[in-house]
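Participant: test case, fold it:
(3 chains)
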Amino acid sequence: MIDYEKELNPEQLDVVRAQGGPILVIAGAGSGKTRALTYRVAHLIEQGIEPSHILLATFTNKAARSMLSRVETLVDVDLGRLWGGTFHHVGNRILRRHAGLLGYERSYSIIDAEDSNQLLNTCIKEFGIRTADGNFPRPNVLRDIISLSSNTRIKTEDIITNRYRSFSHSITDILKVALRYGIKKRERNVMDFDDILINWLELLKDFPDVRDEYSEKFRHILVDEYQDTNIIQAEILDILAGHHKNLMVVGDDSQSIYSFRGANFANIVSFPEKYPDAKIYKLETNYRSTPEILHFANMSIENNSMQFQKELRAVRRKGVRPVFVPVRNVLQQADFVAQRIIELVDKGIPVGEIAVLYRAHYHSMELQMELVRRGIPFEIRSGIRFFEQAHIKDVTAFMRIIVNPLDEIAWKRVMRLYDKIGEVTAGKIWNFVSSHDEPVAAAFSDEFLKCVPKAAVPGIRRFRSTLEDIMDLSETNALAEIAGAILNDGYREYVETRYGDTASREEDLKQLAHFSSEFNSLDEFLNDLALMTSVTEEESYKADDDNSKVVLSSIHQAKGLEWSVVFMIWCSEGMIPLARALREPGGEDEERRLFYVATTRAKDHLYFCHPLINRGGSGWDRDTAPSRFIAELAPSDLEPEELPFDQWLVQ
DNA sequence: ATACGATTTTTTTTT
DNA sequence: AAAATCGTAT
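Facilitator: Take a look at the predicted model:
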């Protein structure tokens, strides 16, 4: 039995023991909301609720896994049947079972952002539209537009007139391309990330049997990070909870930082209106940060208007004030951070308790170089993810062809790996194979060779032999050997000439092979691939003690985490708040929430760096102002000792 | 006509 | 750093 009174504070205890019904938990940063959620799941199970009747929706798969493994140690029950993970993860699991109802094959593939860009590019080219003159959005911008439209249910044309005014002349063309994109996805039997949510909702709305099955199944639904859900997700939850009404949502409106993805913190603000009988609980005791850090964060977020009244109380003893550090330029900034890290480590702070946060990935470039130079171990948690790297996608594209022979993107990607095959020839090849009932078999026909230029024939032969090898290996489910086979069939040489860093990419492919060996079939492996971010994520909750690296992370990726020491680099106007983000409606408030999330990651020490000079793109140096989020906390009538932060001078 | 290498532009955040 | 574009070689 768990001694709840001993392990939880009274606020948390109320949440854990709350009866069913709709419940809103407003949980400030560092108030132990994960702990409360974890213990509630344990408590529900102790009360006799079947794990398979609980749904735990989290923001990352990792968060779900670490919570569930914690629950397992608390109650010693196998939670294999509990549904936990991201919305996309759970949605995908449900859609696999019912894809047929919506007119998809069960073997549909999930395409990631890059695939989706490729497909959009094909559509744009089909209409002969030119993107060079700037009147038509490039694929990645177009993807953002379409995605925002699907996630907010705002018409595409309104998104363009309100946020992408420069493309308003091209609205008709954009709508044409968007429509074509939708049709193509259907034809190719693929879904993008947004389709997973939209189709999931459609499934629940249009098929009452399915809706009843799941809403009766899920007796208790618990949702973490509710402030970052969008209307589609909120509606899915409403339907799923429609039968038992046991919906507990946990979140902090001050930490809503995903509006670019359609997240709408109106969801959390209006939850009590939607569920008038909802009980509201607040977690306001902060165990994480020193009073000085909390004071700074509270003062900062006060500059935002719309929010729930809450007051974070510090319980920790007095510490040191956050430090504002103006530095000459990015190089000095990198130098300062690296130097300070060494000093802190000398004082006994574990390297793994130090993090550097920034608004955008490229803000960390100079620092990375400096850390390498000084031999400080670090880990980057932003930028390109493991499964998005070119070599990983190349190898998995071969597998995708076998699992879904109509995967246009995979075919084209693979074909272009061979000598003398570029965009045009790859397109011809796709046209040829896709017009046959058995695309893979068609690739082995003599006729096939006729549709490619002579120069490309040797490449085609190599492709055929590789494909044969993989097909054999997948028949016997020898998944771990596939990557090696591709590598040995010539891909190693390709990597060598194209990238040069063969050793590290080969190492990645070994990891991929190892990872794939845990799956029963190629289908299963590929199914979840697009929804995962790293192979290390899988075991990371075991390896959490590996506190030997400084973490470099975007603020977004740092959500929910904590470190003893946090450096925030590039605290300048234009960087945080990011100039681009300020142009969005509500941009400043959202950026301030980001700043708030960053500051509340720190337990003991917090440093804000502000480079005074920014080297512009074409060699021009520009003076930069300190971030308004810091300046606004330092009115000129305050004496230095009254400020919520210290200021250091660096030589 | 097409592939490919050099050059220029652009780079927010992510499931 | 990566993608889009441009110019040249095949």
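Participant: so the closest residue to A:Val457 other than its chain neighbours is in which element?
Facilitator: Excluding the flanking residues, the one nearest A:Val457 by Cβ to Cβ, 6 or more residues apart in numbering is A:Leu449, at 6.0 Å. C-beta here means a position set from N, CA and C on the backbone, and glycine is covered the same way. Assessed by DSSP states H and E, A:Leu449 sits inside helix A:446-450.
Participant: partner strands of the longest strand that chain A contains and their direction?
Facilitator: If you go by DSSP state E, chain A has its longest strand at strand A:602-611. The pairing partners recorded for strand A:602-611 under DSSP bridges are strand A:323-327 (parallel), strand A:563-568 (parallel).
Participant: take the ones you listed and write them to a markdown table, including distance to DNA strand B, mean pLDDT and mean neighbour count.
Facilitator: Listed next are the strands paired with strand A:602-611 as a markdown table, based on distance: least, Cβ to the nearest atom of the strand, whole Å; pLDDT from 0 to 100; neighbours: other Cβ atoms under 10 Å:
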| stretch | distance to DNA strand B | mean pLDDT | mean neighbour count |
| --- | --- | --- | --- |
| strand A:323-327 | 21 | 92 | 20 |
| strand A:563-568 | 14 | 95 | 25 |
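Participant: between those strands, which gets nearest to A:Asp228?
Facilitator: Comparing the strands paired with strand A:602-611 against A:Asp228 with Cβ to Cβ, the closest turns out to be strand A:563-568 (21.0 Å).
Participant: and the closest one, how far out from the chain's middle?
Facilitator: Computed by Cα atoms, centre = their mean, to the nearest Å, the chain-centroid distance of strand A:563-568 equals 21 Å.
Participant: put the alpha carbons of that strand into CSV.
Facilitator: Only the C-alpha atoms of strand A:563-568 are listed here, as CSV (Å, rounded to 0.1, in the frame of the first residue of the first chain):
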residue,chain,number,x,y,z
TRP,A,563,18.2,21.6,-14.0
SER,A,564,20.2,23.1,-11.2
VAL,A,565,21.8,25.6,-13.5
VAL,A,566,20.2,27.1,-16.6
PHE,A,567,21.9,29.5,-19.0
MET,A,568,19.7,31.3,-21.4
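Participant: list the contacts of it.
Facilitator: Residues outside strand A:563-568 that contact it (Cβ atoms under 8 Å, 6 or more residues apart in numbering) are A:337, A:340, A:344, A:349-350, A:353-358, A:551, A:576, A:598-599, A:601-609.
Participant: tell me, how many residues neighbour A:Ile482?
Facilitator: The tally of other residues near A:Ile482 (other Cβ atoms under 10 Å) stands at 27.
Participant: excluding residues flanking it in the chain, which one is nearest A:Trp83?
Facilitator: According to Cβ to Cβ, 6+ apart, the nearest residue to A:Trp83 is A:Leu55 (4.6 Å).
Participant: was I right to think that neighbour contacts A:His220?
Facilitator: Yes. Contact criterion Cβ atoms under 8 Å: A:Leu55 and A:His220 qualify, at 7.3 Å.
Participant: in a strand, A:Ile341, correct?
Facilitator: No. Counting by DSSP: H, G, I helix; E, B strand; the rest coil, A:Ile341 falls outside a strand, being helix.
Participant: phi, psi for the closest residue to A:Gly422 other than its chain neighbours please.
Facilitator: Spatially, and ignoring its direct neighbours in sequence, A:Gly422 is nearest to A:Arg416 (6.5 Å; Cβ to Cβ, 6+ apart). When read as degrees, to the nearest 10, the backbone of A:Arg416 gives phi -70, psi 0.
Participant: what do you get for A:Ile280?
Facilitator: According to degrees, to the nearest 10, A:Ile280 has phi -120, psi 130.
Participant: does it really touch A:Pro272, like I thought?
Facilitator: Yes. Counting by Cβ under 8 Å, A:Ile280 does reach A:Pro272; the two are 6.4 Å apart.
Participant: out of those two, which sits in the more crowded spot?
Facilitator: More crowded of A:Ile280 and A:Pro272, by other Cβ under 10 Å: A:Pro272, with 15 against 12.
Participant: tell me the mean pLDDT for the helix or strand hosting the more buried one?
Facilitator: Counting by DSSP H and E, the element that carries A:Pro272 is helix A:271-274. What helix A:271-274 shows for mean pLDDT is 92.
Participant: same question for stretch A:134-144.
Facilitator: Averaged over stretch A:134-144, pLDDT sits at 84.
Participant: do that stretch and DNA strand C meet at all?
Facilitator: Yes. Stretch A:134-144 is in contact with DNA strand C by Cβ under 7 Å from any atom of the strand, via A:138-140.
Participant: where does A:Leu638 fall, phi/psi-wise?
Facilitator: Per degrees, to the nearest 10, the backbone of A:Leu638 is at phi -90, psi 140.
Participant: got the residues of the stretch 101-250 of chain A near DNA strand C?
Facilitator: Near DNA strand C, when you scan the stretch 101-250 of chain A using Cβ under 7 Å from any atom of the strand, you find A:114, A:117, A:121, A:131-132, A:138-140.
Participant: can you do 10 Å?
Facilitator: Applying Cβ under 10 Å from any atom of the strand, we find that the stretch 101-250 of chain A lies next to DNA strand C at A:113-114, A:117-118, A:120-121, A:124-125, A:130-134, A:136, A:138-142.
Participant: which PyMOL command selects the buried ones in those residues?
Facilitator: Those of those that count as buried under 16 or more other Cβ atoms under 10 Å are selected in PyMOL with:
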select buried, chain A and resi 113+114+117+118+120+121+124+131+136+139+142
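Participant: in helices, which of the residues of the stretch 101-250 of chain A next to DNA strand C fall?
Facilitator: The helices in this structure, assigned by DSSP state H, contain A:113-114, A:117-118, A:120-121, A:124-125, A:139-142 from these.
Participant: near DNA strand B, which residues of the stretch 501-650 of chain A show up?
Facilitator: Near DNA strand B, when you scan the stretch 501-650 of chain A using Cβ under 10 Å from any atom of the strand, you find A:530-534, A:537, A:553-559, A:575-584, A:587, A:590-591, A:594, A:616-618.
Participant: sitting in helices, which of the residues you listed do you find?
Facilitator: Those of those lying in helices (DSSP H): A:537, A:555-558, A:579-582, A:587, A:590-591, A:594.
Participant: of all those, which comes closest to DNA strand C?
Facilitator: A:Arg580 (15.6 Å; Cβ to the nearest atom of the strand).
Participant: what's the per-residue pLDDT of that closest one here?
Facilitator: In this prediction, A:Arg580 carries a pLDDT score of 83.
Participant: and A:Glu366, what helix or strand is that in?
Facilitator: helix A:365-374.
Participant: quick check: next helix or strand after that helix?
Facilitator: Using DSSP H and E, the next helix or strand after helix A:365-374 towards the C-terminus is strand A:378-380.
Participant: got a list of contacts for the helix or strand just after that following strand?
Facilitator: Counting by DSSP H and E, the next helix or strand C-terminal to strand A:378-380 is helix A:390-403. For helix A:390-403, the external contacting residues (Cβ under 8 Å, 6+ apart) are A:107, A:109, A:114, A:386-387, A:407, A:409-411, A:413-414, A:417, A:440, A:466-467, A:470-471, A:474, A:482-483, A:486-487, A:491, A:495, A:499, A:505, A:508-509, A:512, A:522-523, A:525-526, A:529.
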